[in-house]
Structure formats: C-alpha cells, structure tokens
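Undergrad: below are the sequence and a predicted model; questions follow.
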Amino acid sequence: MLAVRGAKVVIIGRPDAKIEIDSVEAAKNDMLEAGVNETDLLTIVADLCDSETPRQIVNETIEKFGKLDILINSAGFVSTDPALRGINCPIEHFDIMMNIHCKAVILLVQAATAHLVATKGSIVNVSFMISMAFMNQIHAYYAAAKAAQDHITVQMAGHLIKEGVRVNSVLPGIAATNIAASSGLKPIVGEVAKEFIQTPYCVPIGRIATVADIAKVVVFLADSSQSGYVTGARIPVDGGAHLMNVQASVERK
C-alpha cells in the first residue's frame, strides 16, 4: 500500500525464513506485480536481534534513497513449541521475545532518529492485542514483550514529538498473516480462527482481520498529511475484541 502510493520501500526480512511466502523476495515480487518500479525497492536480509543490524539497515537505506521519512517496526515472532507455555517457558525464551519485539525496535529508532528528524517523519510500531492486560495462558512472554513495546511507543512519542517526529502503534488481533505459517502454526490457524469467531464476545465484528485491514491503518498513521495531529496512539485493529476480552475470558471458562 505504501509502495503503490509512491513510497520508496526498504523490505527487511529474516535470514531463516521458513517458507517462501515469508521471504523478502516474495514481498518484493508482490510490489512489482502491483506496478511498483524495481528501482524504488531495496531488500535487506538481516537478523534484527543482532545489535549492529539496525545501523546497517539505516545506512543502506540512506545510501540508496538519500533520506528516511517513515519507519515501520513490524517484525514478530511467536513460539511453535507447545511445551513453551505460560511462565513455564525457560527464561531464554523471554530474552528472545524482548530482543525482537522491544530491543530491536529501540535500536532501529535510535539509528533512524536523526534522519527522521530531518524529514519530520513518522514511526509506526506494530504490536498485538495480546499486550493488553488480560490472562493469556500460552504466550506469556510474548504478551509481556508486546506490552513493553507499547509503553516504549508512548515514551518515544513523548520524546520525539519535540523534534517533529510522530510515533504511533497498531494493535491487530487475530489476523490472516504469514506469521502463523512462518512460525509453524499453519495447520491450526483455521481451527483457532473458527473458535475465536464462534466464542461469544471474542471478535464482535464477526471475522478475523485481513492484511489489508491492518495495512490501511499503518498507512494512515505513517502519512503526516492524514494523521499529522496523531501521536502516542495505540490503535486496535481487532474487530472490537479489545472491548470484549474480559467477557470472552469469562465465557470461555
């Protein structure tokens, strides 16, 4: 959506992409098929948990395009091991969750700040509804990391708005994205989605989110001509689930 609106886009992907549709080349091909000029795209394969990676990404971006207007932190990871549930997970798993969902976000923002200040740009962090305070009996560390990311988003917003840079966050609920497939969860996605839809109050809008549902909000927040008076916001894109999670929890019991 950004690319077809004229943005020059840098796509960062993980080096251990488990499925073809999760690769940077697949994302690039989607954009080319949509009519985007190849010269307006840059792909980088890198490990965001490596503390040197964020500066490398920003440097390559500036070398290619000369400036930076928008930073979108959308990398995510969930556990595929059914034994890693709740607080029974080894503490090393907590470190992984914090590194990718919080530390990498901070380091990317730090590396990009000077360039974003120069363009009066914007930052959009992609969180998840699980960051809100309700009991999750599976991905406890993931929930904690996303909650930390949400608070970092608010602190970044307060700090960087003084320099003319807006920072906001999008909180999807259950959505039809590649994260489930790339994390090894594809076989159960349909089953989980069906259960969510059928559980009273769980997703009031009656369907799971599409990639486009989320992207539209990301594009809105990234575009200062549309959202120039919005900063520090955390916008749920979850079909109303954030309004109903307590009731849903009671119903499920």
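TA: That came in fine, so what should we check first? Remember, predicted model here, so these are calculated numbers, not experimental data.

Undergrad: going forward, measure contacts and count neighbours with C-alpha atoms only.
TA: Noted.

Undergrad: list the contacts for Val126?
TA: The neighbours of Val126, taking Cα atoms under 8 Å, 6 or more residues apart in numbering as the test, are Ile72, Asn73, Ser74, Ala75, Ser169, Val170, Leu171, Pro172.

Undergrad: who's the second one bridged to?
TA: Translated: Asn73. Asn125 (DSSP bridges).

Undergrad: on that earlier part again, which two of the contacts of Val126 have the greatest separation?
TA: Comparing every pair within the contacts of Val126 by Cα to Cα identifies Ile72 and Pro172 as the most remote, at 14.4 Å.

Undergrad: look at these two and report which has more neighbours.
TA: Between Ile72 and Pro172, counted using other Cα atoms under 10 Å, the more crowded position is Pro172 (24 against 19).

Undergrad: correct me, but the more buried one touches Asn125?
TA: No: counting by Cα atoms under 8 Å, no contact exists between Pro172 and Asn125, whose distance comes to 11.1 Å.

Undergrad: Leu171: which element?
TA: Secondary-structure assignment from DSSP states H and E places Leu171 in strand 166-172.

Undergrad: relative to that strand, what are the paired strands and their orientations?
TA: As defined by DSSP bridges, the strand partners of strand 166-172 come to strand 122-126 (parallel), strand 234-237 (parallel).

Undergrad: neighbouring contacts of it?
TA: Residues outside strand 166-172 that contact it (Cα under 8 Å, 6+ apart) are 121-129, 150, 153-154, 156-157, 160-161, 209, 214, 217-218, 221, 228, 230-238.

Undergrad: what of stretch 41-55?
TA: Taking contacts as Cα under 8 Å, 6+ apart, the residues outside stretch 41-55 that touch it are 8-15, 24-25, 28, 57, 61, 64, 99-100, 103-104, 107-108, 111-112.

Undergrad: show me where the stretch 1-150 of the chain has strands.
TA: Counting by DSSP state E, counting those that start in this stretch, the segments of the stretch 1-150 of the chain that form strands are 9-13, 41-45, 70-73, 122-126.

Undergrad: looking at the chain, which helix or strand does the model trust least?
TA: Counting by mean pLDDT, DSSP states H and E, the chain has its least confident helix or strand at helix 241-252, which shows a mean of 54.

Undergrad: alright, calling it a day.
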